[in-house]
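> Fold the following.
(2 chains)
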Amino acid sequence: VRLPYDWLRELVPVPVDVEALAETLGLRGFEVASVEHRPHAVIDFEITANRPDCLSVIGLAREAAAAYALPLHDPDRTWPAAGDPQPIDVVVDDAEACPRYCAQVFSVRLGASPDWLRDRLEAAGVRSINNVVDVTNYVMIEMGQPTHAFDLEKLAGRALRIRPARAGERVRTLDGIDRPLEAGMLVIADAERPQAVAGVMGGGDSEISSATRVMVLESAYFAPGSVRRTSRRLALKTEASARFERGADIEAPPAAIARIAALLHRIGAAQPLGSIVDRYPAPRPPRIVELRSGRIGRVLGASVPDSEVPKILGPLGFELRPPRGGQSSSNGATSWAITVPSYRVDVLREVDLIEEIARHDGYRGLPATFPALTAPQAPPDARTLRDASVRRVLTASGLSEAMTFAFIEQQAAQSFADGAPLVAVRNPLSEKYDVLRPSLLPGLIDAAAHNRRRERLDIRLFETGTRFSPSGEVRAVAGVWSGTAVTPHWSGAARSVDFFDVKGVVETLCGALGAEVTFARASLSCFVEGRTAAVEAPAVVGHVGQLAPALIDARGFPAGEELYGFELDLDALAALQPADDLRAESLPRFPSVVRDLSVLVDSNLPAASVRGTIRSSAPDTLAHVAEFDRYRGKGVPEGRVSLSLRLTFRSADRTLTDVEVDEAMARIVGALASAHSAERR
Amino acid sequence: MDISFLRQQFETDLAGAANEPAVRALRDKYLARKGGLVSHLLKDVASAPADSRPLLGRQANQLKIHIESTISGKLSAIAQQRPAVEAVDVTLPGRPPLLGHRHPLTLLRERIESIFLRLGFLIVEGPELEDDYHNFEALNMPVDHPARDMQDTLYLASPVAAAGRVAATLLRTHTSGMQVRYMEMHPPPVRLIAPGRVYRRDNLDLTHTPMFTQVEGLVVGDTVTLADLKGTLVTFAAELFGPDRRTRFRPSFFPYTEPSAEFDISCGVCGGTGRAPQALVPPQPASNAAGEGGCAMCKRTGWLEVLGSGMVHPAVFEAVGYDPERYTGFAFGVGIERLALLKWGVEDIRLFYENDLRFLEQFPL
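Next up is the predicted model:
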């Protein structure tokens, strides 16, 4: 809200310049967006939602008066001599949505506003329209009370009926738009149809014009929820709706009419006819809140002398009844019954009053203490620690951490959902963000494409984050890798990344998480057939493979380049994590015996089968099996492959003899021959 | 054993030792603590008659020293005869190990977590899909509350089931929902931070992203005060930004705290003066309004907003079943992206989500 400095000084003659005033009010909780000096000295405040009373000059002037300990001058509300009353019929059908409705008839002479009025409005950022409208705007800015003027002669039946709209009714609002109304929206109707949307905007059909001779001025209190709902449904936010939906002052409607009457009289624009019609069937008693001095210290951590409390609260309009208690019990037992002024809709309970006291000095008087630690703390969420170790393993594997948005384009998401339905956002920012990601890979592919477009060839990225499905959210980790497998170096040509680089990362990561996993050929639409593995534990916990060229091409990554990726369900892996019961094994005391074995097997026989047969046919002394070569070509028949493995035998309690290892090797070779028709080379 | 005979034997052996391993073997033969000939001799000396012992001892020691130095000399002579290795150009670049970078937001988040862990805080994490109750209602923001406008919300097209709780209808706008859940499950005292990703319907621009990362803190106990909040935040800011920055605590409004406070630090670019750093001041045309110029980082105010905070509103305690008469508490919430902008001078928040390696690699490993 824009506060013209001169206008405030008319109500409270602060002895400081505009910059100093802005600083003072800023520290009292009114955030300053900007300070202007020319053509008018104006402070632009960002008023928080709890202080609708300060969407007005008088509200901010009251704060300034309290800050500088100065009296606040009330604007002139002298009621001018009134003319003969005119008949007007005001009925409130919905007293819940409109607890108070005041109306006053005026005879008017529309014309231009005097310069002082135009200047004031201009400083506040409002365009001058005519003398009557300008005065109503002036009073809204000054007092914060929105009002609306109807041309009485355009109201059918000279009636104002505050009622819910009926289905199918419409109104042409002042902005010229013909708006359909929903049943239940509160309107101001004449005998026939809606003439204004209550608390939001007036209607064009009963707007005052240069031809208007008699107007009826509305000054009401509309319930915040009702105005807010209507304003939202109509997507129509106005100065009036902003004030009503935050909570206007229920005592302001007649006062605002009196102020308008005085100003209209002063500029010779209008004369009241008869007196104010005030429909206020259930007057609200003022709110009384108890404040205990001991509680102030308990919340703030700094005590405030009892004598200070009235000095702080009084100038803000709070009425304090003399302290109660005090003498009967110990220190800090004083308590006041405090009457809250009607414009302070935010003060509902004791703690709200404590804030009023604390903000008096902008919290500057508060000491900086530290809360006592009274109980030992539990360890952090297991996921926090797990994600940190995932990041440690993956950065040590050469991948850099990315962060991508959790919402993506539906088209990009589809291929990664594996046929499952997607979770859609009802009100997405744009189509680019209309579903929640079913996988982290689309975001990483986009990130890879972004880097590739910037001439980056070697890309290694990972992300840990949440992915979504109709059955809920899961924490996952994914990675992508393209370009070389090692950092290029002058000493030799770098090899390109392949499936086994990425699989190695997945194996290392699963190992670090304590999960025993196996890999099996898999087929998935987002990966290349034949270069994809499911990671099984034994349920599928993720996949690793080369990403489908068509898919990466669609996201702007060159289809001709290989991009490998993996994704793992971290929650599922964590569930497999063994208990924290590691025991260190003693180191072997006897030497091991190493034997190499080369066999010819069918080229499509998985290495895992060979390894499995070796394991199951070998004695317990087989400590380790590792493939060290796989060869096809000269000397190997078509359709066969030469697989070389290194077997390590060891016993914990003796030195193995050649004879027993030879026997074991013979059994293994025999088992391989019968299970896989393997021939030893 | 005769000392001179031993010496003789050593000289003969030495003459026959042609290469390095043979010389090393001599060291074992004569000097090994167990079974070495000289070691054996020294033991014999100990059992010799008392009158001859000093002389024998001296001679034996001399022999030991002689053998040691002779062997060392011979070994270094052999080493010098070795052919020279081919020299490397030590100025060529080394072979770098493959190492990835953590995301800058992670660096900052882990830094923040470590500060609060040291201050005795628990770290909790919660769901990103929330129900209306935990995101708004329990936090003193009933339906139609104007404060809901402060956080424009992204809603799900249809509710998503969640194990053991009400179906989720929205993307959380803050991690406060987790604090509510924690208080529902645990009695005071509470002292925790809840980090995580949050979502708001904000368009992408220099300072906004529709997804960002938050750390919220909550402390509840018998004697927790606004002064404790101030002290905690001052400590936090000094750790993160260094001890030289001034801090400011000023009144504000949040529906779930009362009193509420904004926490600011002095601007690091202009040193809190609000004036443009000297070298950067462009020549000012005389017609310039007084409002022009000055420090762009803090928009001439000298202060940078860091976070929002306050004393937990009694209505929040009532919602989770805590007695607001007995317990008081404070809460704060900070955007990690915002801290990163302030700490590292990042000019465009979108850089954190573009994942350009040229950006990510600027941050320490």
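> Any idea how many residues pack against the closest residue to A:Ser644 other than its chain neighbours?
Nearest residue to A:Ser644 in three dimensions, chain neighbours excluded: A:Asp629, at 3.9 Å (Cβ to Cβ, 6 or more residues apart in numbering or on different chains). In this view, the C-beta of every residue, glycine as well, is placed from N, C-alpha and C. Around A:Asp629 there are 11 other residues, counting by other Cβ atoms under 10 Å in any protein chain shown.
> Now A:Asp629: which helix or strand?
strand A:622-631 (DSSP states H and E).
> tell me what that strand is packed against?
Secondary-structure packing of strand A:622-631 (3 or more Cβ pairs under 8 Å, 6 or more residues apart in numbering or on different chains; DSSP states H and E): helix A:607-617, strand A:640-649.
> where exactly do the strands run in the stretch 251-365 of chain B?
B:257-266, B:303-312, B:328-335 (DSSP state E, counting those that start in this stretch).
> picking up where we left off before, what's the spacing between the residue nearest to A:Ser644 and A:Ser603?
A:Asp629 sits 14 Å away from A:Ser603, going by Cβ to Cβ, to the nearest Å.
> Sketch out the low-pLDDT regions of the stretch 251-365 of chain B for me.
B:277-293 (pLDDT under 70).
> Save the helices and strands packed on strand A:622-631 as JSON lines, and put in mean neighbour count and mean pLDDT too.
As requested, the helices and strands packed on strand A:622-631 are arranged in JSON lines below (neighbours: other Cβ atoms under 10 Å in any protein chain shown; pLDDT from 0 to 100):
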{"stretch": "helix A:607-617", "mean neighbour count": "15", "mean pLDDT": "95"}
{"stretch": "strand A:640-649", "mean neighbour count": "18", "mean pLDDT": "96"}
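> A:Ala149 and A:Leu217 touch, don't they?
Yes - the criterion here is Cβ atoms under 8 Å, and A:Ala149 meets it with A:Leu217 at 5.2 Å.
> okay, and the common contacts of these two?
Common neighbours of A:Ala149 and A:Leu217, counting by Cβ atoms under 8 Å, 6 or more residues apart in numbering or on different chains, are A:Thr136.
> Excluding residues flanking it in the chain, which one is nearest A:Gly203?
A:Gln195 (4.4 Å).
> Then B:Pro251?
Nearest non-adjacent residue to B:Pro251 (Cβ to Cβ, 6+ apart): A:Gly29, at 3.3 Å.
> Who are the contact partners of that neighbour?
Here A:Gly29 is in contact with A:Thr48, A:Arg51, A:Arg359, B:Arg250, B:Pro251, B:Ser252, B:Phe253 (Cβ under 8 Å, 6+ apart).
> tally of neighbours for the residue nearest to B:Thr257 when sequence neighbours are not counted?
Of all residues not flanking B:Thr257 in the chain, B:Gly310 sits nearest, at 2.6 Å (Cβ to Cβ, 6+ apart). When counting by other Cβ under 10 Å, one arrives at 25 neighbours for B:Gly310.
> most centrally placed residue in chain B?
B:Arg111 (4.3 Å; Cα atoms, centre = their mean).
> hang on, that residue is in a helix, isn't it?
Yes - applying DSSP: H, G, I helix; E, B strand; the rest coil, one finds B:Arg111 inside a helix.
> and the nearest residue to it once chain neighbours are set aside, what element?
Using Cβ to Cβ, 6+ apart and skipping residues adjacent in sequence, the residue nearest B:Arg111 is B:Leu240, 7.0 Å away. If you go by DSSP H and E, B:Leu240 is part of helix B:226-241.
> What angle do strand B:257-266 and that helix make with each other?
In terms of direction (axes from the mean of the first three to the mean of the last three Cα atoms, to 10 degrees), helix B:226-241 departs from strand B:257-266 by 30 degrees.
> So which elements touch helix B:226-241?
helix A:293-300, helix B:104-118, strand B:211-221, strand B:247-254, strand B:257-266, strand B:303-312, strand B:328-335, helix B:336-344.
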